[in-house]
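Colleague: below is the sequence, then the predicted model.
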Amino acid sequence: MSLEIDFEGVKFENPFWVGSGPTSGTADKIIQALKAGWGGVVIKTVGDTIVRKGVRPMYSAMRSQSKELMVFENIELITEDNLDTWDKYIKKVNAEVPHAPIIFSIMGSSDISEWAKLAHWAEDHGADLIELNFGCPHGEPEKRSGAYISQHPDLVYEYTKEVVNSVGVPIISKLSPNVTDIADIAKKAEKAGAKAVSAINTISCMMGIDIEREMLLPPVHGFTTYGGLSGPAVKPIGLRAVSSIYKNTDLTISGIGGIENWKNAIEYIMCGATSVQVVTDTVLNGFNQIKEWTSSMEDYLKRHNYSSLEDIKGKVVQNIKEYSYLENLISQRDTIDEEIKKIREV
Ligand SMILES: Cc1cc2nc3c(=O)[nH]c(=O)nc-3n(C[C@H](O)[C@H](O)[C@H](O)COP(=O)(O)O)c2cc1C
């Protein structure tokens, strides 16, 4: 049984990519992920003029009473390393894991020509695919880049088109969920010539307040800034985004958000994703879960007599309907109290 996927002409042994973030931020981490068995790696977003040192602390976690992770906040910027350092990282990765599929993530400033320059740089360094980071909700939006672009459909069109016209590598526009209708934004990327989209980037958030110390989280000398939410509890938002993009466009999709096991990945694929990306789970648990995830996914396909992941791609999307369609299916209703009782009993 093979988990191989074809993502816009690029073959991956399995659909699991380490997404852009701290676990894809150095050559050693990328090598470690690929050697552990991840299908691909999206490198930490690289930039040129916008590269700067980030603040500390930059992470905060919210856990359930039983201590399980619910969500994670970060106010991490793109890479702190310049392009010369990335040049060395890429050479090292290519030397240690030749032919491994690498997806380059890039972000320029609001100056559109910078995006084209970065895309050329990526292409010259052998990028198999280029992901445009239009989704980071902190740091850059106040300077009219990052999620600011996702939030302005015409900019998604313009920035995507600029890059598409500049390089031959297939382009993936990575979108923010902080928009009214993500499918409409995806359509703009499609019209501009993107072959694919990734969804979702993190959700703009404020993690909370330590009320005894009257301190915002994460605290930077007593101050904070709105950050990006990720981790298990964002999966429902990601599934909603991916399924609506699948319904409304012909784009290839990389599904992201809250994946913490192989079953979550199947959910994304059934909603229309071709590949999936994982960040928070790799930040907290490392890379070795991938062996169990791929073998369990293979078992699942065998048990259900599927021959490849293509057989389940988008399988459930036709059953997502407007409310009025569901109304007509119902003849008997629980009372609200009966339904709440069932929810409480789980
Ligand atoms: C600490 C951290 C840093 C991140 N940095 C980037 C980044 O540089 N570029 C990017 O496109 N997304 C970045 N992301 C967003 C992730 O790629 C991903 O879209 C998001 O975290 C949701 O996936 P998850 O729930 O598996 O973490 C970052 C996420 C985290 C948690």
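Modeller: Thanks, I have it.
Colleague: SS state for residue 104?
Modeller: The three-state assignment at residue 104 reads strand, by DSSP: H, G, I helix; E, B strand; the rest coil.
Colleague: residues near it, how many?
Modeller: As a burial measure, residue 104 scores 26 neighbours (other Cβ atoms under 10 Å). Just so you know, the C-beta spots here come from the backbone N, C-alpha and C atoms, and that holds for glycine as well.
Colleague: and the gap between it and residue 323?
Modeller: 41 Å (Cβ to Cβ, to the nearest Å).
Colleague: do a quick rundown of the strands in the stretch 51-200 of the chain.
Modeller: 59-63, 69-74, 102-106, 129-133, 171-174, 196-199 (DSSP state E, counting those that start in this stretch).
Colleague: would you turn these into JSON lines with mean pLDDT and distance to the ligand?
Modeller: JSON lines is the format used below for the strands of the stretch 51-200 of the chain (pLDDT from 0 to 100; distance: least, Cβ to the nearest ligand atom, whole Å):
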{"stretch": "strand 59-63", "mean pLDDT": "97", "distance to the ligand": "6"}
{"stretch": "strand 69-74", "mean pLDDT": "98", "distance to the ligand": "4"}
{"stretch": "strand 102-106", "mean pLDDT": "97", "distance to the ligand": "5"}
{"stretch": "strand 129-133", "mean pLDDT": "97", "distance to the ligand": "4"}
{"stretch": "strand 171-174", "mean pLDDT": "98", "distance to the ligand": "5"}
{"stretch": "strand 196-199", "mean pLDDT": "98", "distance to the ligand": "7"}
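Colleague: what's across from residue 71 in the sheet?
Modeller: residue 62 (DSSP bridges).
Colleague: that one and residue 235 touch, don't they?
Modeller: No - with contact defined as Cβ atoms under 8 Å, residue 71 does not count as touching residue 235 (10.4 Å).
Colleague: tell me the buried residues in stretch 63-83?
Modeller: 69, 71, 72, 73, 74, 75, 76, 77, 78, 79, 81, 83 (16 or more other Cβ atoms under 10 Å).
Colleague: need the max-distance pair from those residues.
Modeller: The distance between the two most remote of these (Cβ to Cβ) is 33.8 Å, for 69 and 83.
Colleague: hmm, back to that, adding distance to residue 2, write the strands of the stretch 51-200 of the chain out as TSV.
Modeller: Shown next, in TSV, are the strands of the stretch 51-200 of the chain (distance: least, Cβ to Cβ, whole Å):
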stretch	distance to residue 2
strand 59-63	36
strand 69-74	32
strand 102-106	21
strand 129-133	20
strand 171-174	23
strand 196-199	21
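Colleague: for the ligand, what are the nearby residues on the protein?
Modeller: By Cβ under 6 Å from any ligand atom, the residues of the chain that approach the ligand are 19-22, 44-45, 72, 74, 76, 78, 105, 133, 136, 174, 201-202, 230-231, 234, 256-259, 278-281, 283.
Colleague: residue of the stretch 101-250 of the chain closest to the ligand, please.
Modeller: residue 230 (3.2 Å; Cβ to the nearest ligand atom).
Colleague: that residue pairs with what?
Modeller: As for beta bridges, residue 230 partners with residue 72 under DSSP bridges.
Colleague: that one contacts residue 278, correct?
Modeller: No - counting by Cβ under 8 Å, residue 230 does not reach residue 278; the two are 10.0 Å apart.
Colleague: got any ranges where the stretch 51-200 of the chain has weak pLDDT?
Modeller: Counting by pLDDT under 70, the stretch 51-200 of the chain contains no low-confidence range.
Colleague: all helices of it, in order?
Modeller: With DSSP state H, counting those that start in this stretch, the ranges of helices along the stretch 51-200 of the chain come out as 83-96, 112-124, 147-150, 153-164, 182-191.
Colleague: who touches the residue of the stretch 101-250 of the chain closest to the ligand in this structure?
Modeller: In this structure, residue 230 makes contact with 71, 72, 73, 74, 202, 203, 257, 258, 279, 280, judged by Cβ atoms under 8 Å, 6 or more residues apart in numbering.
Colleague: just to revisit the earlier point, ok, of the buried residues of stretch 63-83, which one's closest to residue 181?
Modeller: Closest to residue 181, out of all of the buried residues of stretch 63-83 and judged by Cβ to Cβ, is residue 71, at 23.3 Å.
Colleague: got a list of what the closest one touches?
Modeller: 61, 62, 205, 207, 229, 230, 231, 232, 233, 234.
Colleague: so which residue is dead centre in this structure?
Modeller: residue 256 (3.7 Å; Cα atoms, centre = their mean).
Colleague: correct me, but that one touches residue 197?
Modeller: No - using Cβ under 8 Å, residue 256 is not in contact with residue 197; the gap is 10.3 Å.
Colleague: give me the low-pLDDT residue ranges for the stretch 201-346 of the chain?
Modeller: Checking the stretch 201-346 of the chain against pLDDT under 70 turns up nothing.
Colleague: mind running it again at 90?
Modeller: 330-334, 346 (pLDDT under 90).
Colleague: how about the helices in it?
Modeller: Secondary structure of the stretch 201-346 of the chain, counting by DSSP H, counting those that start in this stretch: helices at 235-248, 262-270, 280-285, 289-303, 323-327, 336-345.
Colleague: for the fifth one, list the C-alpha coordinates in CSV.
Modeller: Output for helix 323-327, consisting of C-alpha atoms alone and laid out as CSV, is shown next (Å, rounded to 0.1, in the frame of the first residue of the first chain):
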residue,chain,number,x,y,z
TYR,A,323,-29.2,24.6,6.4
SER,A,324,-32.5,24.4,4.5
TYR,A,325,-31.4,21.1,2.9
LEU,A,326,-30.9,19.5,6.3
GLU,A,327,-34.3,20.9,7.6
